[in-house]
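Q: need coordinates for the below:
(4 chains)
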There are 2 protein chains.
Amino acid sequence: MVRSEEVIDELKRIVKQKGLKYTEQREIVLNILLNANEHLTAEEVYNLIKEKNPESNIGIATVYRALGFLEDVNLITSITFGTDGKKYESNFKDHHDHLICTNCGKIVEFMDDEIEKRQDKIAKKNKFRVTSHSMQLYGICSECQKKQS
Amino acid sequence: MVRSEEVIDELKRIVKQKGLKYTEQREIVLNILLNANEHLTAEEVYNLIKEKNPESNIGIATVYRALGFLEDVNLITSITFGTDGKKYESNFKDHHDHLICTNCGKIVEFMDDEIEKRQDKIAKKNKFRVTSHSMQLYGICSECQKKQS
DNA sequence: TTCAATGCAAAGTGTTTGCAAGCTA
DNA sequence: TAGCTTGCAAACACTTTGCATTGAA
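A: Numbering: from 1, shown residues only, chains lettered A, B, ... in the order given. The predicted structure follows:
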């Protein structure tokens, strides 16, 4: 995990290097994700901004554009699951994979060195130079199992 | 892997047991997925039907309804990854994961017992009853590496 | 001063629903 | 025949786009 200010500085650097403008809106969106403990949909980000930064009067289109931009420059990542649509998270969290409850949508993060090692091995065997990966295990979480039975 | 006819019989059994009607449309949709080698979106299923069963004049709404029904009765599963939306696959296929070349789009399928075992272990530790998973390794395939260098 | 970025609303997507007609049991 | 299913089109929800305006460099 990295300090928020460092990531914001990184955003400033990227924007400058690309000859684009630095805007408060992109910073707000990035900040929301840096401080979020869970994966957020575009709409959730939008609602959080209205709640935490009511003065900003941001539009939903801008949120979508900011999310797209931040994903392009690799500051955030998205995963998509079930009916909740695309969910975003900051890239400044330790690497992890996801366990996803297909009933309630809960996402649990995990990390397993053994799997990471095997992935490298598989990539080598297939002569791929792997740049990233994503893994999702779908199932029913313990709470939902109780409710169902 | 199971023979198509057995799965179709299973569908007939389920439909009867639920007091519903057996229709050609549901059978066609199921058959498309049984014979598909990849995960298909609703629209891809629809297009395949128009190609392989042009006489059926099926509507896209029926495809969605059939997919929903087949998923409810556990003959097929859906997962969502990337930007293509919900993708379906039959529950009667051998399992595999994907290596994806981000340059040319080539997809290589693989399967690794060690990873599968670790996944089970992780699921147990988190008290999830896992029903499916998807893993993608993104990178550059050997041909594209040659072209780039 | 320039032109990227924004907010708004309209236009696109993909998916679901209402309904009259069709078809299975 | 009864009522589940269908095809069609309209309705929906989510996301993107066009455009005039704003604002960062």
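Q: how close does the nearest residue to A:Lys52 once chain neighbours are set aside get to A:Ala66?
A: What sits nearest to A:Lys52 in space, not counting adjacent residues and going by CB to CB, 6 or more residues apart in numbering or on different chains, is A:Ile32, at 7.2 Å. All C-beta spots, glycine's among them, are computed from the backbone N, C-alpha and C. When distances are taken as CB to CB, to the nearest Å, A:Ile32 and A:Ala66 turn out to be 10 Å apart.
Q: buried stuff in the helix or strand harbouring the residue nearest to A:Lys52?
A: Secondary-structure element containing A:Ile32, defined by DSSP states H and E: helix A:24-35. Buried positions in helix A:24-35, judged by neighbour count with 16 or more other CB atoms under 10 Å in any protein chain shown: A:25-34.
Q: will you turn the residues you listed into TSV that also has distance to B:Glu6 and pLDDT?
A: Below are those laid out as TSV (distance: CB to CB, whole Å; pLDDT from 0 to 100):
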residue	distance to B:Glu6	pLDDT
A:Gln25	56	97
A:Arg26	55	97
A:Glu27	58	97
A:Ile28	56	97
A:Val29	51	97
A:Leu30	52	97
A:Asn31	55	96
A:Ile32	51	96
A:Leu33	48	96
A:Leu34	52	95
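Q: close to DNA strand D, is the helix holding A:Ile32?
A: Yes - contact between helix A:24-35 and DNA strand D, assessed by CB under 7 Å from any atom of the strand, occurs at A:Glu24.
Q: give me the contacts around that helix.
A: The list of residues contacting helix A:24-35 from outside it, by CB atoms under 8 Å, 6 or more residues apart in numbering or on different chains, reads A:4, A:7-8, A:11, A:15, A:40, A:45, A:48-49, A:52-53, A:56, A:58, A:62-63, A:66-67, A:69-70, A:75-76, A:88-90, A:92.
Q: helices or strands next to the next helix or strand along the chain from it in the packing?
A: Tracing the chain past helix A:24-35, the next element assigned as helix or strand by DSSP H and E is strand A:40-41. Using 3 or more CB pairs under 8 Å, 6 or more residues apart in numbering or on different chains; DSSP states H and E as the contact criterion, the neighbours of strand A:40-41 among helices and strands are strand A:85-90.
Q: and the angle from the longest strand along chain A to strand B:129-140?
A: Looking only at chain A and at elements set by DSSP state E, the strand with the highest residue count is strand A:129-140. Counting by axes from the mean of the first three to the mean of the last three CA atoms, to 10 degrees, strand A:129-140 points 170 degrees away from the direction of strand B:129-140.
Q: quick one: mean pLDDT over whatever helix or strand comes next after strand A:129-140.
A: Toward the C-terminal end, the helix or strand that comes next after strand A:129-140 (DSSP H and E) is helix A:142-148. For helix A:142-148, the mean pLDDT works out to 82.
Q: neighbouring contacts of helix A:142-148?
A: Against helix A:142-148 from outside (CB under 8 Å, 6+ apart): A:101, A:103-104, A:106, A:140, B:126-129.
Q: now with 6 Å, please.
A: Defining contact as CB atoms under 6 Å, 6 or more residues apart in numbering or on different chains, one finds that helix A:142-148 is touched by A:101, A:103-104, B:127, B:129.
Q: number of residues surrounding A:Gln49?
A: For the record, residue A:49 is Ile, not Gln. Taking other CB atoms under 10 Å in any protein chain shown as the neighbour definition, A:Ile49 ends up with a count of 22.
Q: which strands or helices does the helix or strand containing it pack on?
A: Assigned by DSSP H and E, A:Ile49 belongs to helix A:42-52. Counting by 3 or more CB pairs under 6 Å, 6 or more residues apart in numbering or on different chains; DSSP states H and E, the packing neighbours recorded for helix A:42-52 are helix A:24-35, helix A:60-72.
Q: any regions of chain A where pLDDT drops low?
A: Along chain A, the parts satisfying pLDDT under 70 run over A:1, A:81-84, A:148-149.
Q: per-domain residue ranges of it.
A: Under the assignment named as automatic domain parsing, the residue ranges that make up the domains of chain A are A:1-92, A:94-149.
Q: please state the offset of the shortest one from the chain centre?
A: The one in question is domain A:94-149. A distance of 15 Å separates the C-alpha centroid of domain A:94-149 from that of its chain, computed with CA atoms, centre = their mean, to the nearest Å.
Q: indicate whether it makes contact with DNA strand D.
A: No - remark: domain A:94-149 sits outside contact range of DNA strand D, by CB under 7 Å from any atom of the strand, the gap being at least 12.6 Å.
Q: which residues touch the most centrally placed residue in chain A?
A: Nearest residue to the geometric centre of chain A (CA atoms, centre = their mean): A:Glu89, 1.7 Å. The contact partners of A:Glu89, taken as CB under 6 Å, 6+ apart, are A:His39.
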